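Visitor: predicted model follows, preceded by the sequence.
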Amino acid sequence: MILLKTAWNDFRKNSIVNIFIILQVAVSLIITAVMISAISVRSQYYTPFRDILTSNGIFIKFSSSPNYDSSQMNIYDYLDNDDILQECPDADHIYACHSMFGSIDSFHNGESFTLQSYDDEFIKRYQPELTDGRWLTSDIESNQIEIVVSENDYGVKVGDVLSLTGINYPNSTSFTGKVVGIFQDDSKIIGGGLYDYGNSDMNFNSIYYPFNHTIENQIFVLASYSAIQNITNHFVLLFDTDYVVQPIISSVILTYPDNVSKEQIEADKEKLLQYGWANAISLDELNQNSIAYLFEKAEIFLPIIIILFILASVSSISSSALIVRKNLKNYALYYISGLQWGHCSFVNLLHSIISLAIATIVGVVALLIIPHTKFAYMVNIIWSPYIFEAFAAMIILQLLISMIMPLIIIGKNTPKQILTK
């Protein structure tokens, strides 16, 4: 207890220097948390497809359904998964979004909708933010499909059963969809909306689209591709064998075995671009762009953190050295009274711990307050283990650095030398 009391007295006597150190360390912690949060926010959309993006393949964003004859958007010429794999025989897997336009018969005016269906792999890997209900499953019922719909102004809610008529279905054949979830406005969905035309600077964000029902001015329906195909099979007598009910649209990932050459993949990419208005990129390049985007904030903040940390470290070393020199005679008296030299070093360590503890509290309180200020729109703090691990690493390193000079000073002197000076 006497050591802690001594350390506290030393801390108070050097309050101005300590305040300066506390502010530097606190700002370093705040900026570190902001940087890690920015990476965490971005990585939640990268992580679901990380293993795919590091494989051999192509990502294509179709802004219109690919068609064998792009000059005539004939519904009999739309491409589906099997068509793509036939065009690119070296590919081993395709993960795609599919589209269907139609009306909801439950409304008097037959409210229009856009239905986007996903391959099972997309459903398993990612779900948008939901305001109610649950996400899709891969379960198939012969007479009804599960659907997740956008927030809407029509009162559609979880549990409703909607009668849907797809314009791609012949003879206005309808099927029913049970609403199992509502996805939140502005949440990202895989694929795209009416006004999503892609961009040339592609990264993992290109897989998604932020949907807002007031902008799109319609209900957006998400469903399982295989579930709708199962219903389609029950209407087999009504369908022409070449008829594509759910043409491919928007985000498509095509993967290849490792032994397929980059030249062959590039040739397939150019071939697919002929079938629709689209942007395409190799998965390797998409992944590189994604990594660069993920750590874009780190490139901005990391130099600032390093500079502040160096300044804080230099200040801590200098402050500790001054305090030790000022208290050398007291330490010598402590030694004569029975304390070991190591105990005197421990007093200085406690001093540093007090400073860093206060700095941590200041930093954490500031991070808790920021979301309730006008800066909330600029900073989104995501509390994760990485933040606390970074804090612990910075504090431990700061303690070690701040102890270097005091240990050297104390170690070079004996009590007799100090008292006889």
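Guide: Noted; the coordinates are in hand. Numbering: from 1, shown residues only.
Visitor: phi and psi next, for Lys124.
Guide: phi -70, psi -30 (degrees, to the nearest 10).
Visitor: same check on the one 10 residues further on?
Guide: In this entry, Arg134 is assigned phi and psi values of phi -130, psi 180 (degrees, to the nearest 10).
Visitor: residue numbering should commence at 390 henceforth.
Guide: New numbering, starting at 390: the last item is Arg523.
Visitor: OK, contacts around it?
Guide: Val569, Gly570 (Cβ atoms under 8 Å, 6 or more residues apart in numbering). Where you see a C-beta, it was placed from the backbone N, CA and C, and this is true even at glycine.
Visitor: and the pLDDT for it?
Guide: Note on Arg523: pLDDT of 94.
Visitor: do you know how far it is from Ser539?
Guide: 16 Å (Cβ to Cβ, to the nearest Å).
Visitor: how about Ala755?
Guide: Applying Cβ to Cβ to Ala755 and Ser539 gives a distance of 37 Å.
Visitor: over to Lys658?
Guide: Taking Cβ to Cβ, one finds Lys658 at 32 Å from Ser539.
Visitor: looking at those two, which is more packed in?
Guide: Set Lys658 next to Ser539 and count neighbours by other Cβ atoms under 10 Å: Ser539 wins out with 25 against 19.
Visitor: what about the residue nearest to the more buried one when sequence neighbours are not counted, which helix or strand?
Guide: The shortest distance from Ser539 to any non-neighbouring residue, by Cβ to Cβ, 6 or more residues apart in numbering, is to Phe609 (4.2 Å). Element membership of Phe609 [criterion: DSSP states H and E] is strand 608-613.
Visitor: helices and strands around that strand, which ones?
Guide: Packing contacts for strand 608-613, counted by 3 or more Cβ pairs under 8 Å, 6 or more residues apart in numbering; DSSP states H and E, involve strand 500-507, strand 533-539, strand 563-572.
Visitor: direction included, what does that strand pair up with?
Guide: strand 500-507 (parallel), strand 533-539 (antiparallel) (DSSP bridges).
Visitor: show me where the stretch 390-539 of the chain has helices.
Guide: 391-402, 404-435, 439-442, 470-476, 509-514 (DSSP state H, counting those that start in this stretch).
Visitor: for Ile571, find the nearest of those helices.
Guide: Smallest distance to Ile571 across the helices of the stretch 390-539 of the chain (Cβ to Cβ): 16.6 Å, for helix 509-514.
Visitor: secondary structure class for Ile770?
Guide: Applying DSSP: H, G, I helix; E, B strand; the rest coil to Ile770 yields a three-state assignment of coil.
Visitor: contacts only, for it.
Guide: Here Ile770 is in contact with Ala422, Val423, Ser426, Leu756, Ile759, Pro760 (Cβ under 8 Å, 6+ apart).
Visitor: ok, the first one touching Leu756?
Guide: Yes. Taking contact to mean Cβ atoms under 8 Å, the distance of 5.5 Å between Ala422 and Leu756 places them in contact.
Visitor: these two - which one has more neighbours?
Guide: Shown here are Ala422 and Leu756; by other Cβ under 10 Å, Ala422 has more neighbours (25 against 19).
Visitor: tell me the contacts of the nearest residue to the more buried one once chain neighbours are set aside?
Guide: Residue nearest to Ala422 in three dimensions, not counting chain neighbours: Ile776, with 5.1 Å by Cβ to Cβ, 6+ apart. Applying Cβ under 8 Å, 6+ apart, one finds that Ile776 lies in contact with Thr421, Ala422, Ile425, Ser426.
Visitor: fine by me, thanks again.
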